[in-house]
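> Okay, predicted coordinates and the sequence, questions at the end:
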Amino acid sequence: MKSPHPRAAAAVWPRRALYAVLAVTCLLASQLFTSATSTAAVEEEAVEPNVVRVAEFVAECDFSHRLPDDPIVFPNMPGASHSHSFFGSTVTDANTTNLGDLLEGDSTCDPAIDLSSYWVPTLFVNNQPVEPQSATFYYLGEGVNSNVVAQTQSLPQGLKIVAGNARATSPDQSIARWSCLHAGHVNPSKDFVNCPSGTALESYLDFPQCWNGTDLDSPDHMSHMAYPVAGQCPSTHPVAVPKLRQVLRYPVSGDPSGFRLASGPGYTMHGDFFNAWPEDEMDRRVRDCIRPVIKCGPNGVPS
């Protein structure tokens, strides 16, 4: 049998080698794609299950005590304020002006490591004080664009903030919101609402979440903070911090004509906050809950 022509043989073998190389390349590429897909699926499975995509952590705080004091607005002036109901720190009074006062005390909050002090004007029903059945303080990454949430910084220890308007003379001067627990058909209002029997009166108040980056307080206790504009923090207050939302639920319902706050009508609702979270715990919650947009419980882990 004659051997193939030398040129024909020379042409056949390179083609066969090329086909073999292409086949091996395709096989390797297929294996790499399958491996990468599997790895990504495993990583996604490790991160995603049971995660609720809400940038949030919370402190649930019981009522502590009631005093006619306000250590932010009337420091070192016992009895100078209208009545306030205090939550969190158990040591707050008119003389609680330094962070160290809070750090040496105890807390009614869950988590107990939150030594912050929160206070609000006392609610009176027919001239009798009524305290909330629950007080939840939400720390949120909302109200700003996603790029701002991703750059949120921790609330600085020692920060003092007052939100709301205790001197409001009409609802349009207020940012307060009143509603009824488990009665969504009752429209929310800036003043007290008439809640059906068996429900509870709710108060919502949002604190500003843009900080000037320098001051822990200001003469009016507000101007060192600002609310976002069009999803961004203003240039005067460039540091985004978690938004504090104060949610109080009172065990009252029915005709609100006998309701009043120590500061006046419902639209005078306001809140004071003196931050005494441990810095490392605040940092962890901002890192693990707010920036990645994950709902966390009082322990600072996904809930």
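Great, that's in hand.

> Buried ones in stretch 84-95, by neighbour count?
84, 85, 86, 87, 88, 89, 90, 91, 92, 93, 94 (16 or more other CB atoms under 10 Å). (Glycine included, C-beta is placed from N, CA and C.)

> ok, now stretch 253-261?
253, 256, 259, 260, 261.

> Stretch 102-121 too?
Applying 16+ other CB under 10 Å to stretch 102-121 flags 102, 105, 107-109, 111, 113-121 as buried.

> my read: residue 155 touches residue 278, true?
No - counting by CB atoms under 8 Å, residue 155 stays clear of residue 278, with 11.7 Å between them.

> Just the helices from this protein, written as ranges.
In the chain, the helices defined using DSSP state H lie at 6-47, 99-103, 146-149, 279-285.

> what does the third one contact?
Helix 146-149 is contacted by residues 55, 141, 142, 228, 231, 232, 233, 240, 290, 291, 293 when judged by CB atoms under 8 Å, 6 or more residues apart in numbering.

> Now do it: distance to the chain's middle.
14 Å (CA atoms, centre = their mean, to the nearest Å).

> Report the buried residues of that helix.
148, 149.

> Dump that helix to PDB, restricted to CA.
Taking Å, rounded to 0.1, in the frame of the first residue of the first chain, the C-alpha atoms of helix 146-149 are listed here in PDB:
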ATOM      1  CA  SER A 146     -28.500  53.400  48.500                       C
ATOM      2  CA  ASN A 147     -25.000  54.900  47.900                       C
ATOM      3  CA  VAL A 148     -25.500  57.000  51.100                       C
ATOM      4  CA  VAL A 149     -26.700  53.900  53.100                       C
END
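
> And the strands in the stretch 51-200 of the chain, which stretches?
56-61, 63-67, 84-88, 109-110, 117-121, 123-125, 128-130, 134-140, 160-164, 177-181, 200-206 (DSSP state E, counting those that start in this stretch).

> So which elements touch the second one?
Contact partners of strand 63-67 among helices and strands, from 3 or more CB pairs under 8 Å, 6 or more residues apart in numbering; DSSP states H and E: strand 84-88.

> same thing but at 10 Å, please
strand 84-88, strand 117-121, strand 134-140 (3 or more CB pairs under 10 Å, 6 or more residues apart in numbering; DSSP states H and E).

> So for that strand, what gets flagged as buried?
Buried residues in strand 63-67 (16+ other CB under 10 Å): 64, 65, 67.

> any idea how far the second one lies from residue 108?
Separation of residue 65 from residue 108 (CB to CB, to the nearest Å): 9 Å.

> Could you export stretch 122-142 as PDB, CA atoms only?
The C-alpha trace of stretch 122-142 is given here as PDB (Å, rounded to 0.1, in the frame of the first residue of the first chain):
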ATOM      1  CA  THR A 122     -45.200  62.300  79.500                       C
ATOM      2  CA  LEU A 123     -48.700  61.400  78.200                       C
ATOM      3  CA  PHE A 124     -51.600  62.300  80.500                       C
ATOM      4  CA  VAL A 125     -55.100  60.800  80.200                       C
ATOM      5  CA  ASN A 126     -57.700  62.600  82.200                       C
ATOM      6  CA  ASN A 127     -54.800  64.200  84.000                       C
ATOM      7  CA  GLN A 128     -53.300  60.900  85.100                       C
ATOM      8  CA  PRO A 129     -49.800  59.900  83.700                       C
ATOM      9  CA  VAL A 130     -49.800  56.900  81.400                       C
ATOM     10  CA  GLU A 131     -46.600  55.200  80.300                       C
ATOM     11  CA  PRO A 132     -46.000  53.300  77.100                       C
ATOM     12  CA  GLN A 133     -46.500  49.500  77.100                       C
ATOM     13  CA  SER A 134     -43.600  49.300  74.800                       C
ATOM     14  CA  ALA A 135     -40.900  51.600  73.400                       C
ATOM     15  CA  THR A 136     -38.800  50.600  70.400                       C
ATOM     16  CA  PHE A 137     -36.000  52.600  69.100                       C
ATOM     17  CA  TYR A 138     -35.200  51.600  65.500                       C
ATOM     18  CA  TYR A 139     -31.800  52.500  63.900                       C
ATOM     19  CA  LEU A 140     -32.400  52.600  60.200                       C
ATOM     20  CA  GLY A 141     -30.700  53.100  56.900                       C
ATOM     21  CA  GLU A 142     -33.600  54.600  55.000                       C
END
